[in-house]
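In: Need coordinates for the following:
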Amino acid sequence: MPGDVLLLSNSRPPGGAEPFAHAREVLARHLGDRTAWFLPYAQADHDAYFSWVRDALGVDLRPLHREPDPAATAAAADAVFVGGGNTFRLLHDVRRLGVLEALRANDACRYTGSSAGTNLACPTVRTTNDMPIVDPGGLDALARVPFQVNPHYLDPDPASTHQGETREERIREFHEVDDVQVVGLREGAWLHRSGEHLTLDGNSARLFRQGEEPLELTPGTDVSWLISS
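Out: Predicted structure coming up:
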């Protein structure tokens, strides 16, 4: 059976709390006593980002970018944590280094993603919010889950004077060309797959399906049907 998956919308909880303060319990439960290799490739300063996350989490976290052969290490890893930043830079670097293919082959590896790292767990990165600052050489990702996620989901604000598309409108545009379900994860929310069970927690989310009105999902909801449908 493929390794369990934890997908966080964000690392910085609202209200000025410490990084990952909202999700430390589920992170500790998900990772257990496993050594987790951290992938900092969504950010420009790999060392600084790794140190920031390691200090915030206080778990056995190792820097994949310092390994002489990151792909070989990823291929044998029991757990990985893929951090946030720019999704296109992340996908570009893990593809260039061979880490993307290594993780595809090592599906028993326990996967944790935050923001851009959550995007990488989807079939593609086509529901990210990021600018394509680099050409990643394709948009296909890891497909650790069979649906798409939109991290940092923002609800339409009727009082806003912004004239661009809302997040909901952009997801509807996605569904003009693709029928894959999309989970809009609000800040503080996460999806945790343990075995054949998938749960939403931390905060609510919205589920978007082609040709249907969005469905509101509340914290604590069992959404295992998303991985079996």
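In: just the strands in the chain please.
Out: All strands of the chain, identified by DSSP state E, fall at 5-8, 36-39, 61-63, 79-82, 110-114, 148-150, 182-185, 190-194, 197-201, 205-208, 215-217.
In: got those strands as a markdown table, with mean neighbour count and distance to residue 137 columns?
Out: No exception for glycine: its C-beta is placed from N, CA and C like everyone else's. Conversion of these to a markdown table gives the following (neighbours: other C-beta atoms under 10 Å; distance: least, C-beta to C-beta, whole Å):
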| stretch | mean neighbour count | distance to residue 137 |
| --- | --- | --- |
| strand 5-8 | 26 | 23 |
| strand 36-39 | 26 | 17 |
| strand 61-63 | 18 | 24 |
| strand 79-82 | 26 | 18 |
| strand 110-114 | 26 | 20 |
| strand 148-150 | 25 | 20 |
| strand 182-185 | 26 | 23 |
| strand 190-194 | 22 | 27 |
| strand 197-201 | 19 | 30 |
| strand 205-208 | 22 | 27 |
| strand 215-217 | 14 | 33 |
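In: would a markdown table of those strands with mean pLDDT and distance to residue 121 be doable?
Out: A markdown table is the format used below for these (pLDDT from 0 to 100; distance: least, C-beta to C-beta, whole Å):
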| stretch | mean pLDDT | distance to residue 121 |
| --- | --- | --- |
| strand 5-8 | 98 | 6 |
| strand 36-39 | 98 | 12 |
| strand 61-63 | 97 | 18 |
| strand 79-82 | 98 | 8 |
| strand 110-114 | 98 | 5 |
| strand 148-150 | 98 | 8 |
| strand 182-185 | 98 | 11 |
| strand 190-194 | 97 | 9 |
| strand 197-201 | 97 | 12 |
| strand 205-208 | 98 | 15 |
| strand 215-217 | 98 | 18 |
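In: other SSEs contacting the longest helix along the chain?
Out: If you go by DSSP state H, the chain has its longest helix at helix 46-57. Other elements packing on helix 46-57 under the criterion 3 or more C-beta pairs under 8 Å, 6 or more residues apart in numbering; DSSP states H and E are strand 36-39, strand 61-63.
In: Out of those, which gets nearest to residue 181?
Out: Each of these was scored for nearness to residue 181 using C-beta to C-beta, and the closest is strand 36-39 (25.6 Å).
In: Spatially, and excluding backbone neighbours, which residue is closest to the residue nearest in space to the middle of the chain.
Out: The structure's the chain has its C-alpha centroid closest to residue 118; by C-alpha atoms, centre = their mean the separation is 0.7 Å. Counting by C-beta to C-beta, 6 or more residues apart in numbering, residue 118 lies nearest to residue 7, which is 4.2 Å off, once chain neighbours are set aside.
In: do you know how far residue 143 is from residue 158?
Out: For residue 143, the distance to residue 158 equals 36 Å [C-beta to C-beta, to the nearest Å].
In: Look at those two and report which has more neighbours.
Out: Neighbour count, other C-beta atoms under 10 Å: between residue 143 and residue 158, residue 143 has more, with 14 against 5.
In: list the contacts for the more buried one?
Out: Remark: with contacts taken as C-beta atoms under 8 Å, 6 or more residues apart in numbering, residue 143 is in contact with 121-123.
In: In the protein, where is pLDDT below threshold?
Out: Per-residue confidence for the chain (pLDDT under 70) gives these ranges: 1, 14, 16-17, 229.
In: Mind putting the helices and strands packed on helix 46-57 into CSV with distance to residue 49?
Out: Converted to CSV, the helices and strands packed on helix 46-57 look like this (distance: least, C-beta to C-beta, whole Å):
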stretch, distance to residue 49
strand 36-39, 8
strand 61-63, 9
